[in-house]
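Undergrad: Okay, predicted coordinates and the sequence, questions at the end:
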Amino acid sequence: MAKKFGLPQKYQYHLHYLLFYHLFFSLFYTWYIINFGGDSRGYWVFGMEQVLIRGEESWMKYFGEGTTFILWLCYFPSKVLGLEYITGNILYGFLGFIGIRYLFIMTAEYFPMNHKVLNISLFPTIFYMANFNFWSSGVGKDSLCFWAIAWFMFAVQKYNTRWWQGLIAFFFVYLARPHMGQALIIGTAIAIVFGSEIRREYKIVLTIMAFIGSVYLMSNTLEVLKLEEVSLESLESYTSTKAKDLGRGNSGSAVDISSYPLLFKIFTFLYRPIFIDAHNIMALLSSIENALYLWLSLFIIRNWTPEALRDMPVFLKVGFITSIPVTLAFANSLGNLGVMMRMKNMIMIYFALFILFLITYNKKLRYQKYLEKQRYYQKRQEIIAQKAAAKEGNA
């Protein structure tokens, strides 16, 4: 696939390295969950107490949204084939790697330049982030959603030929996490309306389709979230209750954010855990990433230009716009740093790539202005030389 898109040899090598790197995290994920616990193993051994099957157990009885959908996907490899949990993590980890590959290829193809921090190129280094690879390397909603969202973005980038891939990818996102599917529709619709890549008549048709799809799926999404209606009161009640429940945990990652102002909640979701919050190895590795995200965020205002937003690849527009309501929702409802690390893994890469694009785009503009200035002075010197030669000839 890398050769098909004409990637340089060094980037092809990096994709090979990332495959083995991601495989390592699938093995590490297995060890981590077995020793420290997590929902992942419950999906594979069918130990999820919140899912009750009435009558005789069968594969299709597990089909549904959320947890039941993951159990439905795990039924055949686990129950029928009898594959071990470590094998399941490798399978789901491979899906996570495919998602990484989609984003890697689009970044290499559509970003104008690169940028270095401490003399280290952010691309492809950003794809080696430990927390980013860890939560996309094992059985569960995290790996599945990360892969499906990345696939959806890959399809959106060339929607005219890959639209059918987008539908399949959306199917997986929505059934795994309906609220993420709803956010994807909204993000895509906004990107279409304000984007310059799509013809006006197509914008109208696609916007109407997105609106109809959003309205059609809204009732089901509310049912999954156990909300009766779409209103500020119901959403506020849901998020505050969720935050208090997660903030009462006994683990070192529990944080009661229910009394935080909105900006503090957003900061907590995007940039914590920080080093003083780290209570285990994954929290420490996540702290390193969050420090980089925080440092990159300082460049947004300096590099924010209408031209950069206009010329931004479609997949990045959709990804960034989708991340805004998701960030606001999760920042208001999650009171556990461990859960935050998992949830933001689906969207944080788009936030980081958004900032990287702003930096590299303006870096390219500055370089182009420098070349224009050089050409101007070169042309000026040629004119001066010509005039001087003409005077000498007349003399």
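TA: Okay, I see it. Residues are numbered from 1 along each chain as shown.
Undergrad: Below-threshold pLDDT in the protein: ranges please.
TA: Scanning the chain for pLDDT under 70 picks out the ranges 1-3, 49-52, 55, 196-203, 206, 210-211, 213-258, 335, 394-395.
Undergrad: rerun at 50
TA: For the chain, applying pLDDT under 50 flags the ranges 224-232, 234-236, 238-239, 242-243, 245-247, 249-251.
Undergrad: what's the single longest helix in it?
TA: If you go by DSSP state H, the chain has its longest helix at helix 348-394.
Undergrad: Nearest spatial neighbour of the residue nearest the centre of the chain, chain-adjacent residues omitted?
TA: Here the mean C-alpha position of the chain is nearest to the C-alpha of Ile347 (CA atoms, centre = their mean), at a distance of 3.0 Å. Nearest residue to Ile347, sequence neighbours excluded (CB to CB, 6 or more residues apart in numbering): Ser323, at 4.0 Å. In short, each C-beta sits where N, CA and C put it, glycine included.
Undergrad: One more: Tyr11?
TA: Ala108 (5.3 Å).
Undergrad: quick one: the one you found and Leu7 touch, right?
TA: Yes: under the criterion of CB atoms under 8 Å, Ala108 makes contact with Leu7 at 5.4 Å.
Undergrad: Ser287 is in contact with Ala130, correct?
TA: No: Ala130 lies out of contact with Ser287 (CB under 8 Å); the separation is 10.5 Å.
Undergrad: tell me which element Leu7 is part of?
TA: Here Leu7, judged by DSSP states H and E, is contained in no helix and no strand.
Undergrad: and Ala278, backbone torsions?
TA: Ala278 adopts backbone torsions of phi -70, psi 120, taken as degrees, to the nearest 10.
Undergrad: What count of nearby residues applies to the residue nearest to it when sequence neighbours are not counted?
TA: Leaving aside its chain neighbours, Ala278 sits nearest to Leu284 (4.1 Å; criterion: CB to CB, 6+ apart). Neighbours of Leu284 under the rule other CB atoms under 10 Å: 15.
Undergrad: Buried residues, whichever strand or helix holds Leu284. List them.
TA: Using DSSP H and E, Leu284 falls within helix 281-297. Neighbour counts over helix 281-297 (16 or more other CB atoms under 10 Å) mark Met282, Ala283, Leu285, Ser286, Ser287, Glu289, Asn290, Tyr293, Leu296 as buried.
Undergrad: And for stretch 149-158?
TA: Those would be Ile149, Ala150, Trp151, Phe152, Met153, Phe154, Ala155, Val156, Gln157, for stretch 149-158 by 16+ other CB under 10 Å.
Undergrad: can you check stretch 39-50 too?
TA: So for stretch 39-50, counting by 16+ other CB under 10 Å, buried means Asp39, Ser40, Arg41, Gly42, Tyr43, Trp44.
Undergrad: What is the nearest of those to Pro124?
TA: Ser40 (27.1 Å; CB to CB).
Undergrad: next SSE after whichever helix or strand the closest one is part of?
TA: Using DSSP H and E, Ser40 sits in helix 39-45. Sequence-wise, the next helix or strand downstream of helix 39-45 (DSSP H and E) is helix 67-74.
Undergrad: Next, the angle helix 67-74 makes with the helix or strand following that next one.
TA: Using DSSP H and E, the helix or strand that follows helix 67-74 towards the C-terminus is helix 85-110. Helix 85-110 runs at 100 degrees relative to helix 67-74, counting by axes from the mean of the first three to the mean of the last three CA atoms, to 10 degrees.
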